[in-house]
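> With the input below, show me the fold.
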Amino acid sequence: MVISNVKGFLIDIDGVLSTGDTAIPGARDAIAYLKEQGYPFRCVSNSTRKCRATIATRLENMGFDIPGQAIFTPPRAAVRYLQETGKHRVYLLTTGDVDRDFAGACTDDGSTAVDFVIVGDAGERVTYASMNHAFCCLMEGAGLIALEKDRYWMAPDGLSLSAGPFVAALEYATGETAMVVGKPARAFFDLALRDMGLPADGVVMVGDDILTDIGGAQAAGMRGVLVRTGKFRADALEKSGVRPAAVINSVGDIRDIL
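Numbers count the residues shown, from 1 in each chain. Okay, the predicted model is just below:
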């Protein structure tokens, strides 16, 4: 199937470009093809523990030529939103090196006079003290941004709580409702589109998750192309009720739809 009026792409990373630390066959050539043809694109991930420079280095180590500015994650979505609102003081409750994406915005002076509390998967940084500080910031007027709201994830040593339960606790305590800026929230896709400067109807989302990637993109007005790599399951596609614009074997076949 050929998809018309394509002006740009959002391309999922895990399961579409790579599996673990291994590039999916044909993925490097697909990125090179899009660059040769002049298609703008953003490589998207729901990671909230790694800054985009770290993700770019990981992709470079797998042989991809993808600049950091072409990587769009929930932290980058939050930064984009901060830029649009003109607000910049945040209390960041995350772990890993994702704070590098918020350079110049984070405050660690103990003040509760911030514009937003931003919560991601924070691991061991979630303590009574850190949660209570976030609570105090919110009670003094800060907004609440959730980088993601998953309940749990599969850590190397087994199931582990993700950001969702702690975001829900802050919502319950304060009466605030978090703005979620990770997939499949519409805010994530809208901010990614504005980052590229392209209209939704001209952008195609390529992903391996029929609900998070394809369903989320369609709800934001984009078209979705599902790949049969990563977490793809034929039964999940059939049961979802979501119908992608096309299904291809891998991102390596992307030129077949153009």
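> quick one: the nearest residue to residue 179 once chain neighbours are set aside from residue 180, how far?
Spatially, and ignoring its direct neighbours in sequence, residue 179 is nearest to residue 145 (5.1 Å; C-beta to C-beta, 6 or more residues apart in numbering). In this view, the C-beta of every residue, glycine as well, is placed from N, C-alpha and C. Residue 145 sits 8 Å away from residue 180, going by C-beta to C-beta, to the nearest Å.
> Strands of this structure, residue ranges please.
8-12, 18-19, 22-23, 41-44, 71-72, 90-93, 116-119, 143-146, 152-155, 158-161, 179-180, 203-207, 223-227, 246-248 (DSSP state E).
> Where does pLDDT dip in the stretch 151-258 of the chain?
154 (pLDDT under 70).
> quick revisit: mind pulling up the pLDDT for the residue nearest to residue 179?
Here the pLDDT value assigned to residue 145 is 98.
> Can you name the residues that contact residue 17?
11, 23-24, 27, 31, 43, 59, 64, 251 (C-beta atoms under 8 Å, 6 or more residues apart in numbering).
> err, residue 237, not the other one
Contacts of residue 237 by C-beta under 8 Å, 6+ apart are 210, 226, 244, 247.
> wouldn't residue 70 be in contact with residue 41 here?
Yes. Using C-beta atoms under 8 Å, residue 70 is in contact with residue 41, at 6.4 Å.
> Count the residues that sit near residue 184.
20 (other C-beta atoms under 10 Å).
> and what of the one 5 residues further on?
Around residue 189 sit 26 other residues, with neighbours defined as other C-beta under 10 Å.
> Who's the closest spatial neighbour of it, skipping the chain neighbours?
Using C-beta to C-beta, 6+ apart, the nearest residue to residue 189 is residue 220, at 3.7 Å.
> ok now do the one you found, which residues does it touch?
Contact analysis of residue 220 by C-beta under 8 Å, 6+ apart lists 186, 189-190, 193, 200.
> before we move on, what about residue 225?
3, 204-207, 214, 244-248, 254, 257.
> List the beta-bridge partners for it.
With DSSP bridges applied, residue 225 shows beta-bridge pairing to residue 206, residue 246.
> Could you check how far it is from residue 248?
The value you get for residue 225 to residue 248, if C-beta to C-beta is used, is 6 Å.
> just checking, residue 105 touches residue 85?
No. Counting by C-beta under 8 Å, residue 105 does not reach residue 85; the two are 11.6 Å apart.
> how close does the residue nearest to residue 12 when sequence neighbours are not counted sit to residue 250?
Nearest non-adjacent residue to residue 12, counting by C-beta to C-beta, 6+ apart: residue 207, 4.1 Å away. Separation of residue 207 from residue 250 (C-beta to C-beta) stands at 12 Å.
> just residue 1 next, same as before
16 Å.
> List the contacts of residue 76.
Contacts of residue 76 by C-beta under 8 Å, 6+ apart are 52, 101, 195.
> Once you drop chain neighbours, what's closest to the last one?
It stands for residue 195. Leaving aside its sequence neighbours, residue 195 sits nearest to residue 80 (C-beta to C-beta, 6+ apart; 5.7 Å).
> count of residues packed around the one you found?
19.
> what's near enough to touch it?
By C-beta under 8 Å, 6+ apart, residue 80 lies in contact with 191, 194-195.
> do that again at 10 Å, thanks
Residue 80 makes contact with 72, 181, 187-188, 190-192, 194-195, according to C-beta atoms under 10 Å, 6 or more residues apart in numbering.
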